[in-house]
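1. Here you go, sequence then predicted model.
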Amino acid sequence: MESKEAVKLLGFWVSPFSFRVEWALRLKGVEYEYIEEDVFNKSPLLLELNPVHKKVPVLIHGDKFWINAWTALCTEGEDREMYIKQAVESLEKIEQELIRGKSKFFGGESIGYLDIALGWISYWLPNWEEIGSMKILDPTRFPATAGWTENFRNHPVVKDKLPPRDKMFVYNQWQSKEIGAQMASARKG
């Protein structure tokens, strides 16, 4: 890195979007300081840098910063089926790209930016499928995508930087219930 300006990342241990930023930094060999953010007791720094959404990740480079907000959607019934259908349709497009490329990753034999952008599918989606008792990424229907998830998850840049699965499961299960309760309350109100 030519610039000696400090790079800092405010993240949360289970956020796929925080990990996406970390993977990109590691892949590019950028030295950075990771700052774990307590998303339930937000720091003054997070509130200063992201006063609207108050979410992670926040990437700071010198005096510039980048944010990404993500909101989970927990639904039931017909809405749930609609969202599952949309997710499967998206996976069909991903599958076609991987089949056409005939490579381990989207851009060839090494991880690129598209792999990083979609990397959450490899680790977080199976967790969410288990919690929601649903199957979106069926390896018999999406063999190229399933193979890509294995390649991505096992790459040294990614493999050494994933949250503990059991701890993540408990957190995502709790989050799913909380958001589901909030959505149910909003529908009644």
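-> Thanks, I have the structure now.

2. Surely residue 21 is in contact with residue 58?
-> No. At 9.1 Å, residue 21 does not count as touching residue 58 under the criterion of C-beta atoms under 8 Å. Just so you know, the C-beta spots here come from the backbone N, C-alpha and C atoms, and that holds for glycine as well.

3. what's the overlap in contacts for those two?
-> The contact sets of residue 21 and residue 58 overlap at residue 9 (C-beta atoms under 8 Å, 6 or more residues apart in numbering).

4. Any idea how many residues pack against residue 121?
-> Burial measure for residue 121: 22 neighbouring residues, criterion other C-beta atoms under 10 Å.

5. contacting residues around it?
-> 94, 137, 145, 149.

6. Recalculate using a threshold of 7 Å.
-> Applying C-beta atoms under 7 Å, 6 or more residues apart in numbering, we find residue 121 in contact with 137, 149.

7. And for residue 167?
-> Contacts of residue 167 by C-beta under 7 Å, 6+ apart: none found.

8. Please report the distance of it from residue 159.
-> 17 Å (C-beta to C-beta, to the nearest Å).

9. One more: residue 42?
-> 30 Å.

10. between these two, who's got more neighbours?
-> Under the neighbour definition other C-beta under 10 Å, residue 42 and residue 159 were set side by side, and residue 42 has more, 15 against 11.

11. Can you classify the more buried one as helix, strand or coil?
-> Here residue 42 is coil, with the state taken from DSSP: H, G, I helix; E, B strand; the rest coil.

12. Tell me, how many residues neighbour residue 9?
-> Here the count is done by other C-beta under 10 Å, and residue 9 has 22 residues near it.

13. Give me the mean pLDDT for the one helix or strand it maps to.
-> Here residue 9, judged by DSSP states H and E, is contained in strand 7-11. Per-residue pLDDT values across strand 7-11 average out to 91.

14. Who are the packing partners of it?
-> Contact analysis of strand 7-11 by 3 or more C-beta pairs under 7 Å, 6 or more residues apart in numbering; DSSP states H and E lists helix 16-27, strand 33-36, strand 58-61 as its packing neighbours.

15. Which one of these lies nearest to residue 6?
-> strand 33-36 (6.7 Å; C-beta to C-beta).
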